[in-house]
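*Asks:* next one to model:
(2 chains)
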Amino acid sequence: DQQVKQNSPSLSVQEGRISILNCDYTNSMFDYFLWYKKYPAEGPTFLISISSIKDKNEDGRFTVFLNKSAKHLSLHIVPSQPGDSAVYFCAASAKGQGAQKLVFGQGTRLTINP
Amino acid sequence: DAGVTQSPTHLIKTRGQQVTLRCSPKSGHDTVSWYQQALGQGPQFIFQYYEEEERQRGNFPDRFSGHQFPNYSSELNVNALLLGDSALYLCASSLVRYGYTFGSGTRLTVV
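*Replies:* Numbering: from 1, shown residues only, chains lettered A, B, ... in the order given. The predicted model follows:
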């Protein structure tokens, strides 16, 4: 039972344009959502997060949007840069779980083309 | 300031054998979590240790066990290895809510 789904295994975007990565979840108990970035041979690195009491959170070039009614979140990267090429994972945690147990999606490989 | 350190980086084991993976948390962190990442999948939560006790566990069999030492470092043990245990094993440490720092992982191959 995949509670967090990233339905696009890969995405290719031109440098300077907007990258939009999508994530869907099924568990209504999730109340905190995070995006991680992973380069080969490295561990995932935290990018940005959002609580279920918000619908948007921005940090520099990165913005996460949360649509609770659709159980959908997205990560926008503007403008996209070559260094953004990596695998992106969305993750969720349930009420009361905090950092105790994250449920990850399968990941989306983002490639930024010059 | 060193981040999360995992050892070894790679290892190859035979089916039925036992393996121990090690993790040193980031300085100041007291909680260690372990995740398994199979090829093409996202990380899956195995368990978490705090104050030398297993605080929470994911859907993994009892063949997977762990330990946390007084200096907060941790070990993950897997007994009776199966081919399906081949994966990247990630250790993550934290202190405050949602403050995970991941290590680079140990790549385990079971043949």
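
*Asks:* residue contacts, the residue nearest to residue B:9 when sequence neighbours are not counted?
*Replies:* Distances taken as C-beta to C-beta, 6 or more residues apart in numbering or on different chains place residue B:106 nearest to residue B:9, at 6.3 Å, with adjacent residues excluded. Placement of C-beta: from N, CA and C, glycine included. Residue B:106 makes contact with B:6-11, B:21, B:88-89, according to C-beta atoms under 8 Å, 6 or more residues apart in numbering or on different chains.

*Asks:* the spatially most central residue of chain B and residue B:54, how far apart?
*Replies:* The centroid of chain B falls nearest to residue B:34 when counting by C-alpha atoms, centre = their mean (3.5 Å). Distance, residue B:34 to residue B:54, by C-beta to C-beta, to the nearest Å: 10 Å.

*Asks:* which residues in chain A form helices?
*Replies:* In chain A, no helices are found when defined by DSSP state H.

*Asks:* for it, what spans make up the strands?
*Replies:* A:4-5, A:10-14, A:19-25, A:30-38, A:45-51, A:56-59, A:62-67, A:72-77, A:86-94, A:103-104, A:108-113 (DSSP state E).

*Asks:* within range of chain A, give me the residues from chain B.
*Replies:* B:4, B:31, B:33, B:35, B:40-45, B:48, B:55-56, B:58, B:90, B:92, B:94, B:96-105 (C-beta under 8 Å from any C-beta of the partner chain).

*Asks:* rewinding a little: pull up the overlap in contacts between residue B:34 and residue B:54.
*Replies:* In contact with both residue B:34 and residue B:54: B:47-48, B:66, using C-beta under 8 Å, 6+ apart.

*Asks:* which one of the residues you listed is nearest to chain A?
*Replies:* residue B:48 (5.5 Å; C-beta to the nearest C-beta).

*Asks:* show me what the helix or strand that contains the closest one is packed against.
*Replies:* Per DSSP states H and E, residue B:48 falls inside strand B:44-50. Where contact means 3 or more C-beta pairs under 8 Å, 6 or more residues apart in numbering or on different chains; DSSP states H and E, strand B:44-50 is packed against strand B:31-37, strand B:53-57, strand B:64-68.

*Asks:* now the angle from it to strand B:53-57?
*Replies:* 150 degrees (axes from the mean of the first three to the mean of the last three C-alpha atoms, to 10 degrees).

*Asks:* partner strands of strand B:44-50, with direction?
*Replies:* Here strand B:44-50 is paired, per DSSP bridges, with strand B:31-37 (antiparallel), strand B:53-57 (antiparallel).

*Asks:* residues touching the first one, excluding its own?
*Replies:* If I follow you right, that is strand B:31-37. Contacts of strand B:31-37 (C-beta under 8 Å, 6+ apart): A:99-102, A:104, B:23, B:25, B:43-50, B:55, B:60, B:66, B:68, B:72-74, B:76, B:87-95, B:100, B:105.
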